[in-house]
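> Make a model of this:
(chains A, B, C and D)
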Protein chains: 2
Amino acid sequence: MRPAEPPPSAADVRRPTLNAVAARAGVGRGTVSRVINGSPKVSDRSRAAVEQAIAELGYVPNPAARSLVTRRTDSVALVVPDAETRLFSEPYFSGIIRGVSAGLASAGMRLLLVMVRDEKEYARLAPYLSGQHVDGVLMVAVHSDDTLPDQLEALSIPTVLAGRRGDREPLGHVRADNRGGAGSAVRHLLAGGRQVVGTITGPLDMEAARERLAGYRDALRSAGVAVDEDLVAAGDFTEEGGRAAMRELLRRRPGLDAVFAASDVMASGAVLELRAAGLRVPDDVAVVGFDDSIVARHIDPPLTSVRQPLEEMGRSMADLLLDEIAERGSGHRGVVLETRLVVRESA
Amino acid sequence: MRPAEPPPSAADVRRPTLNAVAARAGVGRGTVSRVINGSPKVSDRSRAAVEQAIAELGYVPNPAARSLVTRRTDSVALVVPDAETRLFSEPYFSGIIRGVSAGLASAGMRLLLVMVRDEKEYARLAPYLSGQHVDGVLMVAVHSDDTLPDQLEALSIPTVLAGRRGDREPLGHVRADNRGGAGSAVRHLLAGGRQVVGTITGPLDMEAARERLAGYRDALRSAGVAVDEDLVAAGDFTEEGGRAAMRELLRRRPGLDAVFAASDVMASGAVLELRAAGLRVPDDVAVVGFDDSIVARHIDPPLTSVRQPLEEMGRSMADLLLDEIAERGSGHRGVVLETRLVVRESA
DNA sequence: GAAGTTCGTGGGACCGCTCCCACGCGGCTT
DNA sequence: AAGCCGCGTGGGAGCGGTCCCACGAACTTC
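This next block holds a predicted model:
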């Protein structure tokens, strides 16, 4: 029943081509091309004529034609696992995206947003990305056992990650100083006179969660406090996980007087649980979160939290990727950006 | 000093072309093309041979080459004003994007994210989008006086908006039933026995804000309550704006016992202001917000709010746009999706 | 004043596809 | 047995750019 499907559009007025511009300006195609690409080897007279013709005709170069011969697409993909967008504290993606977008825009690059819903889609990604669709790939929320980055590497597609998969990340990546940030959070708690400081970790198959835990340990150690494993409870970056972990901590160490949660969302769960247990925040138990997300500002009491420079991270990712695209191998670096402790009333 | 810039990449292994597939499968180019595009006029034998060759070679069609001749790009742009991403309640963009992305993916379309930072960039957008870069355009956060949609229309570029600019929107658009949602919020307040219900509006150059105000009036009128303009205060979708508006309302009508704010963020500002004035929520003044954003769940007390089906909205936008791309004129419709009142403790 | 440079320029070849026309071949009709 | 139909097929043309080579004019150099 399927009809022959002829191009159904009626009003596809043919856009002017480079040829038309050349004819109008009275020059050859090569000259027009040179003007468009900013080549210096064009006389002022020709350039002016071409520019006028372009303006008059409203000419815009056809990217497909250009891409076909240059083998560049002037666009990069940002790969985002759909499931994580719900999980991550809210400003995370929008912050990164803003930075990435700004960084790319200033280089005239376009941003392709690729949301991955399930494993099947994920598996199709490597072939797809290798098919001359994009010049490079940015990935966020990479798990430690993720192999897509390596596949891309093998296909020699420039790739930059937000965060790293382990402490030896071969690919270019940008991350916040999670360890240092966590350390500063815990030091803040200790400086406030807290004695028994617990922590609620993120899922430990993510390097960021491991780093935050390491920072917690660093701070205790350098304060001369022995790390007590009973004070470490595993969460999963969800509010419910935070509640459960808090419950567990209270069971194990009823006397604890401070908690560092590896995300604000978990911290907000912890606050709820503390309140349910009849404890006051921060009077009885101080709480610090991580991310400085929207919830941090709005829960009661407002949450002290560690802020990551998300926009800057996005921008760095873009810059690193552009370097790598321009000159393979040059972008294989790790960039670490400082965090900042935002002190509010919870600690 | 600028060197001649030869293509600097070293490892750009040439991807297999359609020609290579044809040679390997022992058929002509036309046949391979037919197989790829699912034409029925191919014998099973040829099809099998081609499919095997494709698998063996790991062939992926070059989108630029295809696009050059078909005059389609299989991608659409989502235009997002950067400034608004900070303003809008947080799940808004991610929800819409998720829906859009899902809708496009199922049709094999790609999503180009275009963030617009300032007026200058915005002005460049029409020429850019007309330049064969995308098959269609989705726009969010369109203001009433925005003319870009009309320009796109004039360039015969399929366009779909999130929300409408006025009550006669010529272009295809998808929106939540803002008026009905606001009405249900205010009815809920009245049903709870509240007598003096104020409202904090959004910026009235946005149709959604006007509609929410209209819904507020509807509900009062149909309950037989006269609308008192002193009970209407203008906000701007920010928390500070919400605070200021609340202050103003309290000044004008100290006895009011309920407020409907046109966004959660403004509602949270209102709650802060009420508390500062020594009033309890909901005991003294009930509050309802709009958006059912993250803050709604986390502020104290948790906020009753009107939820929009964001993901579905995104999906509808994608569907509408795809219709319009397939057959011009078919997508010029307005889709209205129902909202849902999420009752929590603030009202 | 002849030979060599430099500079700006035009245009052919080509990138990898899709579209479409023409052709061969087996099965029907008459 | 000759003619016709239609299916499956190969391959030429062309999409709109970039790249690069060759060429003519102006300008040096000896």
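
> For chain B, see how far away A:Ser94 is.
Counting by Cβ to the nearest Cβ, to the nearest Å, the gap from A:Ser94 to chain B is 5 Å. Placement of C-beta: from N, CA and C, glycine included.

> Run through the strands of chain A in chain order.
Per DSSP state E, chain A carries strands over the ranges A:75-81, A:110-116, A:136-139, A:159-162, A:172-176, A:197-201, A:232-234, A:258-261, A:286-290, A:304-307, A:334-337, A:340-342.

> residues of stretch A:86-101 that come out buried?
Buried residues in stretch A:86-101, defined by neighbour count with 16 or more other Cβ atoms under 10 Å in any protein chain shown: A:87-101.

> centre of the chain versus that stretch, how much separation?
6 Å (Cα atoms, centre = their mean, to the nearest Å).

> which residues touch that stretch?
A:78, A:80, A:85, A:111, A:113, A:138, A:140-141, A:162, A:237-238, A:263-265, A:291-295, A:310-318, B:82, B:85, B:90-91, B:93-94, B:113, B:115, B:294 (Cβ atoms under 8 Å, 6 or more residues apart in numbering or on different chains).

> Not counting sequence-adjacent ones, nearest residue to the residue in the stretch 101-250 of chain A positioned nearest to DNA strand D?
Closest contact between the stretch 101-250 of chain A and DNA strand D, by Cβ to the nearest atom of the strand, is at A:Gly108 (12.3 Å). Excluding its sequence neighbours, the residue lying closest to A:Gly108 (Cβ to Cβ, 6 or more residues apart in numbering or on different chains) is A:Asp74, at 6.5 Å.

> The one you found reaches A:Gly136, doesn't it?
No: between A:Asp74 and A:Gly136 there is no contact under Cβ atoms under 8 Å: 10.5 Å.

> Which residue would be the closest one in chain A to DNA strand C?
Counting by Cβ to the nearest atom of the strand, chain A gets nearest DNA strand C through A:Gly30, at 2.4 Å.

> pLDDT value on that residue, please?
For A:Gly30, the model assigns a pLDDT of 93.

> Repeat that for A:Ala11.
For A:Ala11, the pLDDT comes out at 42.

> How about A:Lys120?
A:Lys120 is assigned 89 on the pLDDT scale.

> sorry, back to before: looking at A:Asp74 and A:Gly136 now, which is surrounded by more residues?
Per other Cβ atoms under 10 Å in any protein chain shown, whichever of A:Asp74 and A:Gly136 has more neighbours is A:Gly136, with 24 against 16.

> contacting residues for the more buried one?
Per Cβ under 8 Å, 6+ apart, neighbours of A:Gly136: A:Val76, A:Ala77, A:Ile157, A:Pro158, A:Thr159, A:Val160, A:Leu321, A:Leu322, A:Glu324, A:Ile325.

> want to throw those residues into a markdown table with neighbour count and distance to chain B?
Output for the contacts of A:Gly136, formatted as a markdown table (neighbours: other Cβ atoms under 10 Å in any protein chain shown; distance: Cβ to the nearest Cβ, whole Å):
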| residue | neighbour count | distance to chain B |
| --- | --- | --- |
| A:Val76 | 27 | 11 |
| A:Ala77 | 25 | 9 |
| A:Ile157 | 22 | 10 |
| A:Pro158 | 28 | 9 |
| A:Thr159 | 28 | 13 |
| A:Val160 | 29 | 16 |
| A:Leu321 | 27 | 14 |
| A:Leu322 | 22 | 13 |
| A:Glu324 | 22 | 10 |
| A:Ile325 | 23 | 8 |
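
> any idea which of the residues you listed is closest to A:Ala277?
Each of the contacts of A:Gly136 was scored against A:Ala277 by Cβ to Cβ, and A:Val160 proved nearest at 43.8 Å.

> distance of the residue of chain A closest to DNA strand C from A:Ser39?
Relative to A:Ser39, A:Gly30 is positioned 10 Å away (Cβ to Cβ, to the nearest Å).

> Same check on A:Tyr59?
Going from A:Tyr59 to A:Ser39 by Cβ to Cβ gives 17 Å.

> Which residue of the two possesses the greater neighbour count?
A:Tyr59 (21 against 12).

> what about stretch A:72-85 and DNA strand C, any contact?
No: contact of stretch A:72-85 with DNA strand C (Cβ under 7 Å from any atom of the strand) is absent, the minimum separation being 12.3 Å.

> end to end, how far does that stretch reach?
This stretch, stretch A:72-85, spans 30 Å end to end (Cα to Cα, to the nearest Å).

> Check which residues of that stretch are buried.
Buried, per 16+ other Cβ under 10 Å, within stretch A:72-85: A:72-82, A:84-85.

> again with stretch A:164-173
Buried positions in stretch A:164-173, judged by neighbour count with 16+ other Cβ under 10 Å: A:Arg164, A:Arg165, A:Glu169, A:Leu171, A:Gly172, A:His173.

> just those residues now: which is nearest A:Ala226?
A:Arg164 (29.2 Å).

> Contact partners for the closest one?
A:Val142, A:His173, A:Arg175, A:Glu207, A:Gly334.

> so A:Val287 sits right up against A:Ala347, yeah?
Yes: applying Cβ under 8 Å, one finds A:Val287 in contact with A:Ala347, separated by 5.9 Å.

> if we can go back for a sec, list buried residues within the contacts of A:Arg164.
Looks like those have A:Val142, A:His173, A:Arg175, A:Glu207 buried, using 16+ other Cβ under 10 Å.
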